[in-house]
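Participant: Fold the following for me, if possible:
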Amino acid sequence: MSHAPRARTVLSCTLLIASLGAGLTACGTPESSPLASPPYDAARQITFNGQPGSTDVDPEKPLEVTATGKDGRITDVVAADAAGRQVAGELSADGSRWHSTSPLAAGAEYTVRVSTEDQEGAPGVRRLGFKTAPGKKALKVEFGPDAGTYGVGQPVTAKLSAKVKDPRARAVVERALKVDSKPAAEGSWYWVEDDLLHYRPRAYWPAGATVRAHSNLEGIKVAGGLYGAAATPLKLTIGDKVEAITDASSHYMTVKRNDKVINTIPVTTGKPGYSTRNGVKVVLGKEYFVRMRGTSIGIPTGTSDSYDLPVYYATRVTWSGEYVHAAPWSTGSQGYENVSHGCTGMSTGNAEWFYDTVREGDIVKVVGSWGDTMDPFGNGFGDWNIDWKKWRRGSALLAVTEEQRDRVHTPRLRPQV
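Facilitator: Residues are numbered from 1 along each chain as shown. This is a model prediction of the structure:
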């Protein structure tokens with residue numbers, strides 16, 4: 001079977017160039033083609049409030065780009081620092097001026113891309129570069145705890161080098177402090193003090209999660225001459241979910257790992273006048289040996305409640321001195337009555353097992369005590385004693401959002417005449 005020869009399609013030089021530039025009727029040299037002519041020169045038309053290549057541009061001043069020629073206008077401006085953070089801005093209706101509407105970062109290197117066109121619509125582009133001067137005062141952030149493996153109740157902390165009181169300045173800081181976990185867990189920052197934030201998830205961290213904290217605050221204006229500084233990122237690994245629940249009324253502790261009971265231990269807790277705090281506490285550390293004295297909690301030496309004891313296998317849950325520890329002197333009361341000065345006491349063998357089982361960040365919860373509830377802050381990590389709705393109200397971002405919403409929805413009252 002024979003095949004018809006394929007027809008070859010030939011485009012003439014005249015047709016090809018005509019599709020690109022009207023009025024061309026012949027193949028010309030590259031020099032004679034309009035396509036080879038220099039594009040519209042934006043550099044003759046654009047100025048900005050600084051010198052290209054400057055290394056000391058004032059970050060307190062807005063960035064402004066102006067079309068100075070009569071024949072052209074600005075069509076777009078993209079300004080971004082080396083970290084990819086873009087500067088928001090507004091372009092005038094006639095294209096004669098663009099100005100920034102968000103602050104520049106301090107100590108940052110910027111690239112500005114200005115797109116223009118002339119009266120005939122011919123496009124032009126100019127790129128400008130400069131570096132801003134360092135901020136007058138640096139706001140440093142230190143994340144905590146130290147990198148390592150922790151229990152599911154461990155909050156992330158952010159300590160600031162200066163106090164931040166203004167709600168909008170707090171929102172700037174909080175927006176730049178990022179905490180991510182894998183698997184993902186919904187969470188939020190809480191402003192404990194003007195220079196201290198805590199971050200926790202809505203529920204405990206997922207067992208086995210990886211938690212990372214980092215700051216995007218470097219160079220960002222917080223307030224006045226205060227600018228964010230670089231911060232060292234933090235990585236935490238979350239272990240198994242270990243939770244010890246002490247029922248002070250039944251005098252027993254139930255220990256769970258990943259929600260399964262692994263031990264039940266007879267204990268004694270605080271006697272009347274020294275009742276153990278109710279609520280959720282987080283393991284702060286472990287000390288093989290502690291010398292415990294009554295004077296440390298205000299008990300005068302020589303009184304009936306005075307004590308001075310060597311204590312082993314002590315697991316700390318408050319900074320004020322509440323521990324889970326070995327109490328061989330009270331084994332006859334463990335499982336039956338509360339005779340301690342606020343700590344949770346158990347036999348030496350059980351205390352050693354508990355000491356070896358738990359780690360920092362694990363949960364120690366007390367119920368059924370006549371004592372007060374664990375303070376949320378200041379005496380350890382009582383963060384989990386605040387419900388999620390109240391915890392969210394400790395976020396500056398939520399406060400600013402609510403303020404903006406109220407401002408939008410508040411009706412304007414007409415003056416009476």
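Participant: isn't Pro206 right up against Ser181?
Facilitator: Yes - with contact defined as CB atoms under 8 Å, Pro206 reaches Ser181; the gap is 7.2 Å. Bear in mind the C-beta positions are built from the backbone N, C-alpha and C, glycine included.
Participant: C-terminal to whichever strand or helix holds Val173, what's the next element?
Facilitator: Under the criterion of DSSP states H and E, Val173 resides in helix 167-176. Where DSSP H and E defines the elements, the next helix or strand beyond helix 167-176 is strand 177-182.
Participant: Next, the buried residues of the very next helix or strand once past that following strand.
Facilitator: Proceeding N to C from strand 177-182, the next assigned helix or strand is strand 187-193, under DSSP H and E. Buried positions in strand 187-193, judged by neighbour count with 16 or more other CB atoms under 10 Å: Gly187, Ser188, Trp189, Tyr190, Trp191, Val192.
Participant: between Pro206 and Ser181, what contacts are shared?
Facilitator: Taking CB atoms under 8 Å, 6 or more residues apart in numbering as the criterion, Pro206 and Ser181 both touch Ile238.
Participant: Run through the residues that contact the residue lying closest to Ser102 once chain neighbours are set aside.
Facilitator: Excluding the flanking residues, the one nearest Ser102 by CB to CB, 6 or more residues apart in numbering is Ala88, at 4.1 Å. By CB under 8 Å, 6+ apart, the contact list for Ala88 reads Ser100, Thr101, Ser102.
Participant: And the pLDDT for the last one?
Facilitator: You'll see Ser102 listed with a pLDDT of 90.
Participant: Do I have it right that it meets Glu90?
Facilitator: No - counting by CB under 8 Å, Ser102 stays clear of Glu90, with 10.5 Å between them.
Participant: the more surrounded of these two?
Facilitator: Between Ser102 and Glu90, counting by other CB atoms under 10 Å, Ser102 is the more crowded of the two (15 against 10).
Participant: Can you tell me how far the more buried one is from Leu309?
Facilitator: As judged by CB to CB, to the nearest Å, Ser102 and Leu309 stand 61 Å apart.
Participant: Val366 now?
Facilitator: From Val366 over to Leu309 (counting by CB to CB), the distance is 22 Å.
Participant: which of the two has more neighbours?
Facilitator: A count of neighbours by other CB under 10 Å puts Val366 above the other of Val366 and Leu309, at 26 against 13.
Participant: quick one, what contacts the more buried one?
Facilitator: Taking CB under 8 Å, 6+ apart, we find Val366 in contact with Ile245, Thr246, Ala248, Thr269, Thr276, Arg277, Asn278, Gly279, Lys281, Thr344, Met374.
Participant: Closest one to Glu109 out of those, please.
Facilitator: Nearest to Glu109 among the contacts of Val366 is Lys281, at 47.2 Å by CB to CB.
Participant: So what's the residue count around the closest one?
Facilitator: By the measure other CB under 10 Å, the count of residues near Lys281 is 28.
Participant: my guess is Leu177 meets Leu217, correct?
Facilitator: Yes - with contact defined as CB under 8 Å, Leu177 reaches Leu217; the gap is 7.0 Å.
Participant: These two - which one has more neighbours?
Facilitator: Ranked by neighbour count (other CB under 10 Å), Leu177 and Leu217 place Leu217 first, with 26 against 21.
Participant: pLDDT value on Lys70, please?
Facilitator: Listed pLDDT for Lys70 reads 73.
Participant: again, but for Ala399
Facilitator: On pLDDT, Ala399 comes in at 65.
Participant: With Phe48 instead?
Facilitator: Looking at Phe48, its pLDDT stands at 74.
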